[in-house]
Structures are given as C-alpha cells and as structure tokens.
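*Asks:* Give me a 3D structure for the following:
(3 chains)
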Amino acid sequence: MATVVAVVVLGGVVGPVLVWLLAVLLPAAAARVLPGLLRTSALLALPIAVSAAIVNILFTPGGETVLVELGPLRVTGEGVSVAVEVVVRVLVMAGAVTLYYLATRPAELVASLQAHGFPARTTFVIHNAVAMIPRLAERAGEVTEAQRARGLDSEGSLRRRLRGVTAVAGPTVSGAIGEAETRALALEMRGFTRPGRHTLLWAPVDRGSQRAARWVMVTTVAVLVALRLAGWTAPW
Amino acid sequence: MDVELQDVHFAYPGGPPVLDGVGLRIPNGRSVALMGPNGSGKTTLARHLDGLLRPTRGRVLLDGRDIAGRRVADLAASVAVGFQDPDRQVFSRRVRDEVAFGPRQLGFSAERRDAAVAAALDATGLADDIDVHPHDLGGARRKLLAIASLLAMQTPVLVLDEPTVGLGAAGVTRVQRIVAQLVAEGRTVIAISHESRFVAESFERVVLLAQGRVVMDGSPADVFAEASWPLVRSAGLEPPAAAILGARLGLGSTPTEAALLASAAAAGRARVP
Amino acid sequence: MLSLRGVSYRYPGAALDSLHDVSLELPGGTITGLLGAPESGLSTVCMVLGGLAPRVIGGTLRGESSIDGQDVRGWPMHRLCESVVLGLGQPAGQLSMVAATVYEEVAFGPANLGLSRSEVMARTEQALEQLAIHDLASRDPGRLSGGQQQLVALAGLLAMRARHLILDEPVAALDAHGRTLALAALAAAAAGGAAVLVATQHSDLVASICSSVALLTGGRVMRQGPPGEVLADPATWALGIAEPAEQRLARLLGDIGDGR
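*Replies:* Residues are numbered from 1 along each chain as shown, chains lettered A, B, ... in the order given. Below you'll find the model as predicted:
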C-alpha cells in the first residue's frame, strides 16, 4: 500500500524506479517469488501501460520538442518522458499488488488476523474470499476441460470462444460457490467461529525488523505526501 | 472405431511419469473396464483418448489414424469422455439444455438433436425431469444427467469415469443396461471403475493399471481368478464377492453371479459351508 | 447420548418437509448405521444431528433434539460443536484451505477449541497415527488425491474427540486399506465412549461395523434394529438399497440347494 502511494506522489522516473527496486524487487527476491512476480505483474501492467504510453506519447499537450510527425499526430519529447513516467508507475503499482498476493499465504493471513484479535467471523469472511481465488482459477481449468470434451471449441474463432464462456463461467462460479458453502459449513463444525481464544500452533512471525520496516514505510509516505502538498517536486 | 495406444508415455511438466509405456488396443464395439489404484494413471489415460492430454512419447490412434494435431473439439465427435464429478460440467438451467449441449457443439440437426436428447433421457430415467433445474436433482440423478449428456453425443466411443459411484441400486442397474445397449449398438465403451462387481457383470475385458503401466489385461474370469487376487489386492481393489465365494466352494473362477450359480448348480454344490 | 424425537425438517424455501417424524437415539460407545437409498434424506438427517440445520442453513425444525436429556435446539453452533462433530460428504469441501500442511489441517479443530498447545499437538499426532497418514504430515492438503483427502478430513474430525461423531459417507473415496484404517479408527472412537453415526448407501458398510441400523426412506425412519435382523429382512431391499453381495449370493445358492 505504502509503495503505491509513494509512487503516485513521487514525480519523475528515477524516484519510482528506486522505489521499485527497494520496495518491490528486493522483497520479492527475498521471498523467492521474483520470476513469478515479474511475469504476473508484467501481465497485469501490460494493457494499462501500453494504452497509457500511446495516449501520452501522442497526445501530451504543449509538447515542444517534436521528434516525429505522423500526419496529424506528433510525438514529442515531453510526451515520451511523461509516458515513461506513467509506465514506470504502473509497473511499480502492479508489482506491489502482485507481491502482496504472492507473498501472503491464506494460512498466515488468517493466523495473523486471529493473533491480532480480529473477531472470528471477520477472519472467516476474509479467509473465504482469499481461499476462493486460487480455487476459482483451478476450477475454471477443470470445467474448461470437461466442456471441451463435449465439443466446446476452445481453439477456434474468437466468437466461438466467447460463446463458450457461459459454458465455463457458470459451473466454475456455481461450483466454487457450492464448494465454498460446504467449506463454510465444515469450518463452522470445526469451531472456526467459536468466540474466545483459538490456540495458535506457531505465532506468526512479527519480528522487530518487520515492524521497523512498517514504520519506515508509513513515515516515508507521510513525509512525501506532506512535501508534495507543500508544492515540492523532485528535482529528477 | 478402433482405439489404440502405442507405447504412450506422459508426465506433467516437471513431474514424475504418470503413464510409463502404455500399450493397449481396443477393437470396435468392445467393453473395457480400467481399474487400478489411485495415481495409477487411469484418468490421465482417459484424457489422452480425446486429445485433452497429448503423450510426451508414443501415439494414440483412432481407426488407425494418429490423433496428434487434431483438435479436441473435432475428436469429441468420435470419443466422448466423461468426468467423475458431474458438477464440473453441468451448467444449464434445465436438464433438457444440459443434455443438448454436446449435440449442439457437434452440430447435430435440430431433429437429430431432439431425438438424441430424448433417447439419452430415457436410458438414464430422467425423462420426467426434462425441465427441472439440475441443481434440484439429487447427487445420484445429477450423475445420471452427466452420463445422459455424453450418451446424447452418440459417439462411436464413450469413456466413463466411475459411473456407478453414488448411484443407488436402481442407478447401477440403469448404468449396466446402458453399457449393454451401447455394446449392442456396436459402440465402444470404456469405463474407469473400482467396483469389481459392476466391472465383472458388465464388461468383457478388464485392464489393470499400476504405476502407469498395464499389469494385467484379460477377461473378468482371468483377472478375478484366485491366482490373480494378490495382484488385484495390491492395487487396493477387492475381487467380486461371487469370485470369492466360488473359490471357497472350489468352483473355479466365477466372477459373476450367473457364473457362480451355474457352476454351483452343475457341481451340485449349493450349500455355503 | 444424542437423540432426535419426532423431528420434522423443511429446507428454506421448500414446499414440503424433507424429514418426517424422525426419531433416533445414539448412545455413547456405539456405532449406529443410517442406511438409505440416494435422496432418502441421509444428508439432511446428518445436518440436523450436527446442528447445521437449522442454525446455519436455515429452514424449520419441529420436534425434539437433545444431548443427554438436555434440549439443544437453542444452543448456538459453537457450543454444539464442542460435543458434536459432523463430517460432510465431499472431502475437498471439508478441507479448511487455511492450513498449509496436513498437520495444521488436522490440528485446526483442536486449535479452534482453545486447548493448550501440547494438547492440540497430542491429539493431532494420535489422529495422524491412527489413520497411518503421518508421512503426509508436511504435504499440502490441496494437492492430495481424493482418498488421501478423505483420510485427512477424518483425522481432523477424530482429533476433536467429540462425544458425538456424525459421518456422511466417510469411506466412499477410500481404497480397501484406507477403509480398514478408517473403520478401526471409528471403532476405537466408540470404544472410547463416543456415539458414532455412519450415514451411507452401502449396506455392506453397516453390516461390518454397526451395532444398530436405522433404515431411512423418503425422510422417514422405517425401522431400527440390529444389522442381522434389518439386513435379513427382504423388505429392506425393496427400498432401493443394494443388498450386500455376499448375502445375496449365499441366499441364491441356498435357493438352488433347496431346489427353487
């Protein structure tokens, strides 16, 4: 979260790139999810980045250093630099979001919440939502396979493939919901929503370094926001 | 339609081999049961028959032609493969539409489609549920619905995955009748099953898979003969009760009820010791 | 002892009752079988016994439901689950998805009960041993085969050491070996004083472990008695339940012997 805000606030290119390195790539490498992170965040960022880049390159107002002229469209130096800024920001944001998703395991999230005294029912709801995401993806794959075996054309024209979406979306969602319902019942039966203390097998690690890191992030963001509001812009 | 697997190997990327050199030939119009412990590769094998999975080595042939390079959607017109969990594929709001889905994908004419749907619903006993929402059917009838959807595709080869699990006595009888009917029509039926009684009574050939290989391939009388019981049991399966009782009475291999009763009557040994 | 007396239940939004005037007694130290054809109401009875119906899924319940004479209809779910645990049909749906390893999955129930850490671990270890799945302890539960998941789910329920254990088709996905282990574990639970109910479509399952069998059809309990009697009654096989193969064959052989 802090990363996202920082990136928005920091202007220019170098700032965000530094943030990317420190707050996204480094932790990702430490958590050993770097390749997955790069792949997923690139996919996430790609559509936005591309369209943002095009818009900015071609349509930035007030550009003076004209690089190329393509009929009525002008590619300006300013446009390019704005585009680069935007792309970097998008990449960093996508990276931050992906990092969060990849590095957090549902089990730890839930244990963490319980340790911090969140009410059982809230933890329950959050857990269900989080656990559902990978299951949905898995299930979509299973359902697609079953429908293909009945002749659903997943390799044909785009229109045919679009028509096939209902055949896959329906059972994926209803099945996932059905499974989630059963799971919710099973969890109730095993005391998940019991008020009072739940024993923790292992305390979620909240080392001093993590707490310190949190403080640093929050303070940095606060400082940056304050400076920005005061009209300061980064010299790079 | 003849189905053949030639030295088929398969492993998921980065994983251990699931199929380790499977060779199998199923001539047209035969009924074959695939049995084996969990992880032996039965379901993986089934998915190779319509191209959902492609061998990492070896070939899959239909009527002598390699299916490599042919699309699953096209192969579905020849080989209909079912899945164990009906909720994986059932999505329509009415039984009628669910069963019509396959025929529709395969491009049947409206007439042919309606006839196929009606016949499939009759065979599975769901004719009265034609406009019911699949959700409102119990687990057993939903399972039969999944089978009906495959039947309606009218393919020369039908592959079923654990078709009798969760069905009561009446449901199992229906499935047995369906298998018999398909064979009578000259279609090939392949079923994955762990229920020895169902297999012995309805299939002429049993293929036992273990660790990705065919370890036994023969008639129920051969596969469930006493000499084979150690192998069968090591696969986590139990021989049919008829076979066990027949062995106890010294009647030789009697995998089915009919075989047991006939042998017992012939041998004049009818009282159970 | 968990008992239902004259219980009728209707699902929310349904036009008709699913259970009609059901009475069942589950004394501690016994394994009772509930035998019925598909759609006879097996799962519904389990949900009522386990307290999920009507507390969590809604619907209307009429009649008496009590534990050791105490009316439990007003008890909230979390109080009930200290005495009753319910195992639902599909193993995949039973897994919590909150546990990274099988060990944590099995420990989940005891941990939720707020027991001491050593107690949680002791119960977990015992359940894993009983079902011989100790070698799966560090595996990801989501990546196991159906049969393995069913064993893990059962271990998770056993670890809670509830006085009443309601199980809906507990051995359906297991092979012969897994089945033997599971049934031994249930027998051990009963020997330890628990009241166990096994709801199933499979008559051979009840024949092997139950001291009493209740026949369910159309949401009604037709009769209840020792397996020897209930399974020998031809009327049982008219209800859409399959007769155990050995029994049927022995009967038919006997018919031949008698010249029929």
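*Asks:* Provide the partner residues of the residue nearest the centre of chain B in its beta bridges.
*Replies:* The centroid of chain B falls nearest to B:Ala191 when counting by Cα atoms, centre = their mean (1.1 Å). Applying DSSP bridges to B:Ala191 yields these beta-bridge partners: B:Ala33, B:Leu160.
*Asks:* Touching, it and B:Leu160? I think so.
*Replies:* Yes - B:Ala191 is within contact range of B:Leu160, at 4.4 Å (criterion: Cβ atoms under 8 Å). Bear in mind the C-beta positions are built from the backbone N, C-alpha and C, glycine included.
*Asks:* what comes up buried for the helix or strand C:Gly6 falls within?
*Replies:* Secondary structure assignment for C:Gly6, by DSSP states H and E: strand C:2-10. For strand C:2-10, the neighbour count (16 or more other Cβ atoms under 10 Å in any protein chain shown) marks C:2-4, C:7-10 as buried.
*Asks:* Would you mind giving these as JSON lines with distance to C:Trp75 added?
*Replies:* Below are the buried residues of strand C:2-10 laid out as JSON lines (distance: Cβ to Cβ, whole Å):
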{"residue": "C:Leu2", "distance to C:Trp75": "12"}
{"residue": "C:Ser3", "distance to C:Trp75": "14"}
{"residue": "C:Leu4", "distance to C:Trp75": "14"}
{"residue": "C:Val7", "distance to C:Trp75": "15"}
{"residue": "C:Ser8", "distance to C:Trp75": "19"}
{"residue": "C:Tyr9", "distance to C:Trp75": "17"}
{"residue": "C:Arg10", "distance to C:Trp75": "21"}
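*Asks:* What separation is there between the residue of chain A found nearest chain B and B:Ala115?
*Replies:* Per Cβ to the nearest Cβ, A:Gly151 is where chain A lies closest to chain B, at 3.1 Å. From A:Gly151 across to B:Ala115, the span is 18 Å (Cβ to Cβ, to the nearest Å).
*Asks:* Those two: which has the busier surroundings?
*Replies:* A:Gly151 (23 against 15; other Cβ atoms under 10 Å in any protein chain shown).
*Asks:* Quick check: the more buried one touching B:Gln89?
*Replies:* No - the criterion here is Cβ under 8 Å, and A:Gly151 misses it with B:Gln89 at 11.6 Å.
*Asks:* which parts of chain B sit against chain A?
*Replies:* Within chain B, the positions near chain A by Cβ under 8 Å from any Cβ of the partner chain are B:47, B:50, B:52, B:71-73, B:76-77, B:80-83, B:87-92, B:101-102, B:105-106, B:135, B:149-150, B:153.
*Asks:* one more time with 6 Å
*Replies:* B:50, B:52, B:71-73, B:76, B:81, B:83, B:87-89, B:91, B:102, B:105-106 (Cβ under 6 Å from any Cβ of the partner chain).
*Asks:* For C:Cys210, give its distance to chain B.
*Replies:* Counting by Cβ to the nearest Cβ, to the nearest Å, the gap from C:Cys210 to chain B is 19 Å.
*Asks:* need the contact list for the closest residue in space to that residue that isn't next to it in sequence.
*Replies:* Distances taken as Cβ to Cβ, 6 or more residues apart in numbering or on different chains put C:Gly33 closest to C:Cys210, at 3.6 Å, once the chain neighbours are dropped. C:Gly33 makes contact with C:198, C:206, C:210, C:213, according to Cβ atoms under 6 Å, 6 or more residues apart in numbering or on different chains.
*Asks:* let's see it at 10 Å
*Replies:* C:196-200, C:202-203, C:205-215, C:224, C:227, C:230-231 (Cβ atoms under 10 Å, 6 or more residues apart in numbering or on different chains).
*Asks:* Ramachandran angles for it?
*Replies:* Main-chain torsions, C:Gly33, degrees, to the nearest 10: phi -100, psi 140.
*Asks:* who's it bridged to?
*Replies:* Those that pair with C:Gly33 in a beta bridge, by DSSP bridges, are C:Val198, C:Val213.
*Asks:* quick one: pLDDT of it?
*Replies:* Note on C:Gly33: pLDDT of 96.
*Asks:* picking that back up, could you tell me which of the contacts of C:Gly33 are located in helices?
*Replies:* C:203, C:205-209, C:227, C:230-231 (DSSP state H).
*Asks:* re the thing from before, and the residue of chain A closest to chain B, which of the three is it?
*Replies:* Of the three states, A:Gly151 takes coil according to DSSP: H, G, I helix; E, B strand; the rest coil.
*Asks:* Tell me where chain C has strands.
*Replies:* Secondary structure of chain C by DSSP state E: the strands cover C:2-10, C:19-26, C:31-36, C:60-67, C:70-71, C:84-87, C:164-168, C:195-200, C:212-217, C:220-225.
*Asks:* tell me the domain ranges of chain A?
*Replies:* Per the record, chain A has its domains at A:2-103, A:107-189, by automatic domain parsing.
*Asks:* wait, what's in contact with B:Glu98?
*Replies:* B:Glu98 neighbours (Cβ under 10 Å, 6+ apart): B:86, B:89-92, B:117, B:126, B:133-134, B:142, B:145-146, B:148-149, B:152.
*Asks:* now with 8 Å?
*Replies:* Neighbouring residues of B:Glu98 by Cβ atoms under 8 Å, 6 or more residues apart in numbering or on different chains: B:90-92, B:134, B:145, B:149.
*Asks:* low pLDDT regions in chain C?
*Replies:* C:91-92, C:257-260 (pLDDT under 70).
*Asks:* Which pLDDT value belongs to A:Tyr100?
*Replies:* At A:Tyr100, the predicted lDDT confidence score is 60.
*Asks:* who's in contact with B:Pro42?
*Replies:* In this structure residue B:42 is Lys, not Pro. By Cβ under 8 Å, 6+ apart, the neighbours of B:Lys42 are B:34-36, B:192, B:209.
*Asks:* So which residues of the stretch 51-200 of chain B form strands?
*Replies:* For the stretch 51-200 of chain B, the strands defined by DSSP state E, counting those that start in this stretch occupy B:57-62, B:65-66, B:79-81, B:157-161, B:188-192.
*Asks:* ok, residues contacting the strand holding C:Gly6?
*Replies:* C:16-26, C:44-45, C:48-49, C:53-54, C:59-67, C:83-84, C:164, C:195.
*Asks:* And for stretch C:229-237?
*Replies:* B:169, C:35, C:203, C:206-207, C:213, C:215, C:223-224, C:243-244, C:247.
*Asks:* would CSV of those with distance to C:Val120 be doable?
*Replies:* Formatted as CSV, the contacts of stretch C:229-237 follow (distance: Cβ to Cβ, whole Å):
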residue, distance to C:Val120
B:Ala169, 43
C:Leu35, 35
C:Ser203, 38
C:Val206, 33
C:Ala207, 36
C:Val213, 35
C:Leu215, 39
C:Arg223, 42
C:Gln224, 37
C:Glu243, 44
C:Pro244, 40
C:Gln247, 44
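*Asks:* does any bit of stretch B:169-182 sit next to chain C?
*Replies:* Yes - Stretch B:169-182 is in contact with chain C by Cβ under 8 Å from any Cβ, via B:169-172.
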